[in-house]
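Trainee: Pasting the sequence and the predicted model now:
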Amino acid sequence: MKQAYKFGVVGYNVGYSQSPDLFRAISTITNIECSCNLHDISPDDFKEKLPQLLKSDIDGFSVTIPHKQRIIPFLAHIDASATMVGAVNSVAVRDGNAYGYNTDSHGFGVPLSAHSEILENGTALVFGAGGAAMAVVHCLHTDYRVRCIFVCGRNPQKLRTFTETVRQRLDVIDIRPVEISEFDVIAETDYDIVVNGTPLGGWNHPDDSPFPRSFNWRPGKIYYDLSYNAGNKLVARAADHSMIAYDGSIMLIGQALRSVFLWTGQEVPFDPVYEAVFGGRR
């Protein structure tokens, strides 16, 4: 008889999440019987509600904005992946103890293996300076040997803190903070990949953009938006400019399947799950 697993997603204002669909697909495609519930927890209620969740019969859950750092003090142990990124997006619950991991870096890298020659010794523009951006920088530097990474944001203090943290955690990295108000200085940079690690353009901000007016869309280069909302206007615009364009749907499936392995010890094939959740979007 198949074991029934109970999974979840912990975040705030995450009613758009397609994770329940994802886990229904996993249950249908594999011998892993599972369910997935959304746990919408506000920052003010987190200290009260998170311990209640950990004491329930849940086997594992994903963690999304804005709780990826907030959850760390509640965990018995965090893996090296989460320590390196400084954020937890996956929690396994075993024998009443909670173990934190970061699978975002793994998931982000899934579609990039086909472009390793473009990325090696290349240049990246990363917009955003949060936990997701940290996973992106880690992947680009460690797995694809990107030579130089510009991190662009609006908050000078947050940018400085992000950059200092990256330099402490990753050896021999050329990372350069750029305030959006000063983006004109690097507007002509010949980047190889641009990553939108902000919520702008995503589910809750579909008509917004993180890019300043001087930003240039470059044909033949890679555009990667971590949001996976259908009809993402920034992804469409990148494609219109003949860029290699990805949204976050591949990352979502990739990081989730890595989480399922951490929670159950079982491998799940990527393609049938992606097709079940997103159809032919790739």
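Mentor: Thanks, I have the structure now.
Trainee: Show me which positions of stretch 237-245 end up buried.
Mentor: The neighbour-count check on stretch 237-245 (16 or more other Cβ atoms under 10 Å) flags 237-238, 243-245 as buried. In this view, the C-beta of every residue, glycine as well, is placed from N, C-alpha and C.
Trainee: Secondary structure, pLDDT and distance to Thr123 added to the residues you listed, as JSON lines?
Mentor: Output for the buried residues of stretch 237-245, formatted as JSON lines (DSSP: H, G, I helix; E, B strand; the rest coil; pLDDT from 0 to 100; distance: Cβ to Cβ, whole Å):
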{"residue": "Arg237", "secondary structure": "helix", "pLDDT": "98", "distance to Thr123": "21"}
{"residue": "Ala238", "secondary structure": "helix", "pLDDT": "98", "distance to Thr123": "17"}
{"residue": "Met243", "secondary structure": "coil", "pLDDT": "98", "distance to Thr123": "15"}
{"residue": "Ile244", "secondary structure": "strand", "pLDDT": "98", "distance to Thr123": "15"}
{"residue": "Ala245", "secondary structure": "strand", "pLDDT": "98", "distance to Thr123": "18"}
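Trainee: Which two among those are spaced furthest apart?
Mentor: Arg237 and Ile244 (13.5 Å; Cβ to Cβ).
Trainee: Thr142: neighbour count?
Mentor: 15 (other Cβ atoms under 10 Å).
Trainee: And the strands in this structure, which stretches?
Mentor: For the chain, the strands defined by DSSP state E cover 4-11, 33-40, 60-63, 77-78, 90-94, 97-101, 123-127, 148-153, 174-179, 193-196, 222-225, 244-246.
Trainee: got a list of what Asp184 touches?
Mentor: Asp184 sits next to 212, 214 when contact means Cβ atoms under 8 Å, 6 or more residues apart in numbering.
Trainee: can you pull the pLDDT of it?
Mentor: As predicted, Asp184 sits at a pLDDT of 97.
Trainee: can you pull the buried residues of the lowest-mean-pLDDT helix or strand in the chain?
Mentor: Here the helix or strand of the chain ranked lowest by mean pLDDT, DSSP states H and E is helix 19-29, holding a mean of 88. Residues 19, 22-23, 25-27 are the ones in helix 19-29 that count as buried (16+ other Cβ under 10 Å).
Trainee: can you check stretch 31-43 too?
Mentor: So for stretch 31-43, counting by 16+ other Cβ under 10 Å, buried means 32, 34, 36, 38-39, 41.
Trainee: Any idea which of the strands of the chain gets closest to Glu164?
Mentor: strand 174-179 (9.3 Å).
Trainee: Given that closest one, what are its sheet partners and their directions?
Mentor: strand 148-153 (parallel) (DSSP bridges).
Trainee: Report the mean per-residue pLDDT for the strand it pairs with.
Mentor: On average, strand 148-153 scores 98.
Trainee: Touching it from outside, list them.
Mentor: 122-129, 133, 137, 140-141, 159, 162-163, 166, 173-180, 183, 186, 189, 191, 210.
Trainee: Filter those residues down to the buried ones.
Mentor: Judged by 16+ other Cβ under 10 Å, buried ones among these: 122-129, 133, 137, 140-141, 159, 162-163, 166, 173, 175, 177-178, 180, 183, 186, 189, 191, 210.
Trainee: quick one: contacts for Arg94?
Mentor: Going by Cβ under 8 Å, 6+ apart, the list of residues near Arg94 is empty.
Trainee: Identify each buried residue in stretch 88-96, please.
Mentor: 88-93.
Trainee: what about it, how long is it end to end?
Mentor: Using Cα to Cα, to the nearest Å, one end of stretch 88-96 lies 18 Å from the other.
Trainee: if you average pLDDT over that stretch, what comes out?
Mentor: 93.
Trainee: Stretch 157-165 now?
Mentor: On average, stretch 157-165 scores 96.
Trainee: Touching it from outside, list them.
Mentor: In contact with stretch 157-165 (Cβ under 8 Å, 6+ apart) are residues 86, 129, 133-134, 151, 153, 175-179.
Trainee: on that earlier part again, same list, the buried residues of helix 19-29, but as TSV with distance to Ala82 please.
Mentor: Shown next, in TSV, are the buried residues of helix 19-29 (distance: Cβ to Cβ, whole Å):
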residue	distance to Ala82
Ser19	19
Leu22	21
Phe23	22
Ala25	26
Ile26	23
Ser27	26
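Trainee: If we only consider the residues you listed, which is nearest to Val260?
Mentor: Ile26 (6.5 Å).
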